[in-house]
Structure formats: C-alpha cells, structure tokens
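J.: Curious how this folds, go ahead:
(one chain, ligands or ions: 2)
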Amino acid sequence: MDRLILIKYGELTTKKANRNAFIAILTTRIAHVLHDFEFKIVKDRVRMYISCYDKDLNSILKQLQKVFGIHSIVVCHKVDTNKESIEQKVLELVNEKNYRTFKIQTKRADKTFEVPSMEFNRQIGGYVLKNTNLKVDVHIPDVMVYIEIRREGTFIYTEEIPGIGGYPVGIQGKGLLMLSGGIDSPVAGYLALKRGVDLECLYFESPPHTSFEAKNKVIKLASIINEYSSNIKVHVVPFTRLQEEIYKNVPNNYIITIMRRMMYRIAEEVSKLHKCKVIINGESIGQVASQTLDSMVVINNVTNMPVIRPVACMDKLEIIDIANQIGTYETSILPFEDCCTIFLPKHPIIHPELNRCIEYENRFDYASLIQECVSNIETVTDLNESNFDDLL
Ligand code: ATP
Ligand code: MG
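T.: Ligands and ions are numbered 1, 2, ... in the order given. Prediction:
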C-alpha cells in the first residue's frame, strides 16, 4: 500500500490515565468507518498511521473527518532516513503545485540523527533553491514542508487537515437523548457525541394526532447523527393516552409543563432500563415558555438524574449553524407536527408553581399510564439513512 495517513489524537493525549482506552475506542471507530476499504493501522501512544491505496485516499479522508477524537489528519510520505531520499521526496512535493515560495520545518524526534533541525532545514532548503525557481519565505510561504525524523523512518508532509476533535464516541458511556423532530435536539445529540457520550434516543409520539411522517423524520435525524456513532437506537414511546389524560385533567396553561414532567419521568425509566447515565435534550434557556428557568426548575424536579442541555446557552442562530454543518437542518424544518405542538395552549405558563403541578397530577393515575408507555415502547435499531428518504 502506497499511502500513509497520520492521525494526530489531539485532546485525548492530555488524559494520561485513560489514554489506552481512548486509543482502543478510536481505533475500533476508525476501523468501522473504513470497513469498505483495504487499510492497515499501526499505532503508538502518541499517534496512529493508516496505510491505504492511493485510489482510496479521498474517500478515506472524508470518512475520517467524521470521527470524534481526531485532532488532525496528515497525508504523509515515509522515506528512509537519509539525506538523498529526503531531498528527493521534498523536491517532488514542492513541484506538485505552482508554488513560488516555501519553508522547511524539521523536527528531529530521533536524536541519533546527527544533524540538528535548524541545520537540516538549511541543507534541504539549499537543495530546493538549487534545483527549482522557488524562493524561501519564512513568514507566509506558499508551501510548508514538514520533515519529521523518527526512529521508524522520516515522514514528510505539506498539509494538515483538521479533524473534528472531541473524544471517541462511547468513552463516557451512554446518555439518553430526548429527540424531537426539531432543530435543537439533533444538535444537542451531536454535541454530546462530540464529548464521547454515545446515545440512545427517546421519541414521544401521539398517533393519530402526530403522523407516521413525523416519526420517520425523527428516525431520519437519528440516522444522520448516527454517522458519528453507529450504535444509536430510537425508542418510540406511545404517548397518546397519557397526553389525552393530561388534556382532560390539567388547566390549559399548565398542560405543557405537566406533559414535560411526564416526559422526564419516562426518560428516567428508560435510562435505567438501558444503562444511560444522563438525560440529554435540546432545551435552550428562554426559547419557549417551558424553557424559562422557572419552568426548567419545576420540570426538572421530577428526576434526580443529571440532565445535560448542550445547547442551553446558545442562540437559535448558533444552533442553526451547527444543524447546517452536520446536515440535520433540512430534515428538521420539514413541517410535520410534534406532540409538543399539537393542541398548543394559547398562554402556556412561564412561571409555573411546583405545588400546582403536584395538585393537577394527582387528579389522574399517571403512574400506571407511564408504565403503559414504557412497556409499549417500540425500538428502532436499523438506522440506515437511505431507508427513510422515501417515507418523508
Ligand atoms: P427542538 O428543540 O429539537 O428544535 P422543539 O423546539 O420542537 O424541537 P421544544 O418544544 O423546544 O422542541 O422541546 C425542547 C426539547 O424537549 C427538545 O429539544 C427535545 O429534546 C425534547 N422534546 C420535545 N418534544 C419531544 C418529543 N416529541 N420526543 C422527544 N423529545 C422531545
Ligand atoms: Mg426547541
């Protein structure tokens, strides 16, 4: 195999105690996204090399740019550590495009190589000057040539492609993402994945008030963020009966508050069943009535589980930016009704009181309705994105 891709781990190298686990999970993830290609991985404690065929290079780079835990990706050339081989490869690289200026930067990790880095820069630079029309520019060169002299050989490259950073997905265990068909919750899920939290998703549907398309839209969104995980499942909760009881028993302005308290209760049960350590959702402070701080306090009161809200402090426009980057936006704006938007009260309360919530909830047997919801969950595991396109 002719090409070598160097993976720099970035952030995870700072976590010494966990390093082996990080590298093991990252390797598994990389092997998974590259399963269609022929490749070989060699790794050590600070970096990883993937050798592959030239023809596959671009497709492989595209896949690697979806793997959390990669700080940067470098396509490099490995040559024997001797001056002639290095000169020859450097000359080839500076001639690849129409560059006018260059700079050589040598790093001598293998100190048994006698020439100091600065001196080697001068020697190789001199060779390029003699054999091309290029000039040296030490400030803003058209091309930077990096030469890394290591024990196993010399690595030469000109370009470092940024990875998406973060931690390998799964290193933190799992969280339960409350996934609606909106813009915020898929972004929240993506940001949690980025911190190494793998996901299971929970979606509340209320047929016939919510449609089959609404559900498929949510599954499609899950399949888009699943490109960063491959393990995501969607648990679909039949919420209709509980929701209808809420409408029957609770004053109009408290309906959303109580509905969300029920969602949290169910989320806690499902988290315990599936070993999710935290609940994650797309709430953003002040966005709607149920997301004022007062509402959040009263709603959150039903659970002791930590609730992570990755977009809590973002503006809608910032959230939309991320949704566009990760490719969920177009799906999120499809106009199918969610259970939160059907029968929406005109004046939902923005400063709800806990004792009122408790009073209204005691008007009906919500505990058994919650159990009914949990035991009738349908779980979707095959999140192949293309399966859902036709259904929307
Ligand atoms: P999003 O916030 O994703 O854009 P939204 O604005 O329709 O969707 P909100 O009413 O703001 O949703 O609800 C806040 C959060 O509650 C959502 O981000 C999501 O995490 C959760 N949520 C709302 N509706 C549902 C649902 N039907 N199923 C699962 N989770 C939901
Ligand atoms: Mg929202």
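
J.: What does the pLDDT read for the residue in the stretch 101-250 of the chain positioned nearest to ligand 1?
T.: The nearest approach of the stretch 101-250 of the chain to ligand 1 comes at residue 182, 2.0 Å away (C-beta to the nearest ligand atom). C-beta: built from backbone N, CA, C; applies to glycine. Per-residue confidence for residue 182 comes out at a pLDDT of 95.

J.: How about the contacts made by it?
T.: Taking C-beta atoms under 8 Å, 6 or more residues apart in numbering, we find residue 182 in contact with 282, 332, 338.

J.: could you list every residue that touches the residue nearest to the second one when sequence neighbours are not counted?
T.: Going back to what we said before, that points to residue 332. The spatially closest residue to residue 332, leaving aside those adjacent along the chain, is residue 183, at 4.4 Å (C-beta to C-beta, 6 or more residues apart in numbering). With contact taken as C-beta under 8 Å, 6+ apart, residue 183 is in contact with 282, 316, 319, 320, 323, 328, 329, 332, 333.

J.: Turn these into TSV, including secondary structure.
T.: As requested, the contacts of residue 183 are exported to TSV (DSSP: H, G, I helix; E, B strand; the rest coil):
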residue	secondary structure
282	coil
316	helix
319	helix
320	helix
323	helix
328	coil
329	helix
332	helix
333	coil
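
J.: which residues does the nearest residue to residue 334 once chain neighbours are set aside contact?
T.: The spatial neighbour of residue 334 that comes closest, neighbours along the chain excluded (C-beta to C-beta, 6+ apart), is residue 217 at 5.6 Å. Residue 217 is in contact with 181, 331, 334, 336, 392, counting by C-beta under 8 Å, 6+ apart.

J.: tell me which residues in stretch 53-69 are buried?
T.: Buried residues in stretch 53-69, counted by 16 or more other C-beta atoms under 10 Å: 56, 60, 63, 64, 67, 68, 69.

J.: what residues does the protein put near ligand 1?
T.: 178-180, 182-185, 202-204, 281-283, 287-288, 338-340 (C-beta under 6 Å from any ligand atom).

J.: PyMOL command for the buried members of these?
T.: Restricted to buried positions by 16+ other C-beta under 10 Å, the PyMOL selection for these reads:
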select buried, resi 178+179+180+182+183+184+185+202+203+204+281+282+283+287+338+339+340
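
J.: if I look at residue 38, how far off is ligand 1?
T.: 40 Å (C-beta to the nearest ligand atom, to the nearest Å).

J.: Residue 3 versus that residue, what's the distance?
T.: Distance of residue 38 to residue 3, given as C-beta to C-beta, to the nearest Å: 11 Å.

J.: which residues are in contact with both of those two?
T.: 52, 53.

J.: neighbour-wise, which of the two wins?
T.: residue 3 (18 against 10; other C-beta atoms under 10 Å).

J.: Might you specify the subset of the residues of the chain next to ligand 1 located within helices?
T.: If you go by DSSP state H, these have 184, 185 in helices.

J.: Could I get the contacting residues of residue 329?
T.: Contact analysis of residue 329 by C-beta under 8 Å, 6+ apart lists 183, 320, 323.

J.: Take the contacts of residue 183 and, keeping just the buried ones, write it as a ChimeraX select command.
T.: Selection of buried members from the contacts of residue 183 for ChimeraX, criterion 16+ other C-beta under 10 Å:
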select :282,319,320,323,328,329,332
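
J.: out of the contacts of residue 183, who's nearest residue 294?
T.: Of all the contacts of residue 183, residue 282 has the smallest distance to residue 294: 19.0 Å, by C-beta to C-beta.

J.: Contact partners for the closest one?
T.: Going by C-beta under 8 Å, 6+ apart, the list of residues near residue 282 reads 178, 180, 182, 183, 184, 185, 186, 187, 188, 309, 310, 311.

J.: Pick the one among the contacts of residue 183 closest to residue 366.
T.: After measuring these against residue 366 - C-beta to C-beta - the closest member comes out as residue 282, at 24.0 Å.

J.: how near is that closest one to residue 232?
T.: With C-beta to C-beta as the criterion, residue 282 and residue 232 are 15 Å apart.

J.: Does residue 209 belong to a helix, a strand or coil?
T.: Secondary structure, three-state DSSP: residue 209 is coil.

J.: Just the element for the closest residue in space to it that isn't next to it in sequence, please.
T.: In space, and not counting its chain neighbours, residue 209 is closest to residue 342: 4.7 Å by C-beta to C-beta, 6+ apart. Using DSSP states H and E, residue 342 is not contained in any helix or strand.

J.: Just give the number of residues close to residue 342.
T.: Neighbours of residue 342 (other C-beta under 10 Å): 13.

J.: confidence score at residue 14?
T.: Residue 14 is given a pLDDT of 58.

J.: Equivalent analysis for the one 3 residues further on, please.
T.: Residue 17 is assigned a pLDDT of 69 by the prediction.

J.: Same check on residue 287?
T.: Reported pLDDT for residue 287: 86.

J.: Who are the contact partners of it?
T.: 184, 316 are the contacts of residue 287 under C-beta under 8 Å, 6+ apart.

J.: ok, so what distance separates it from residue 312?
T.: According to C-beta to C-beta, residue 287 stands 9 Å off from residue 312.

J.: Output the contacting helices and strands for the lengthiest strand in the chain.
T.: Scanning the chain for the longest strand, with DSSP state E as the assignment, gives strand 70-79. Here strand 70-79 touches strand 3-8, helix 57-64, helix 83-94, strand 153-157, strand 160-165, going by 3 or more C-beta pairs under 8 Å, 6 or more residues apart in numbering; DSSP states H and E.
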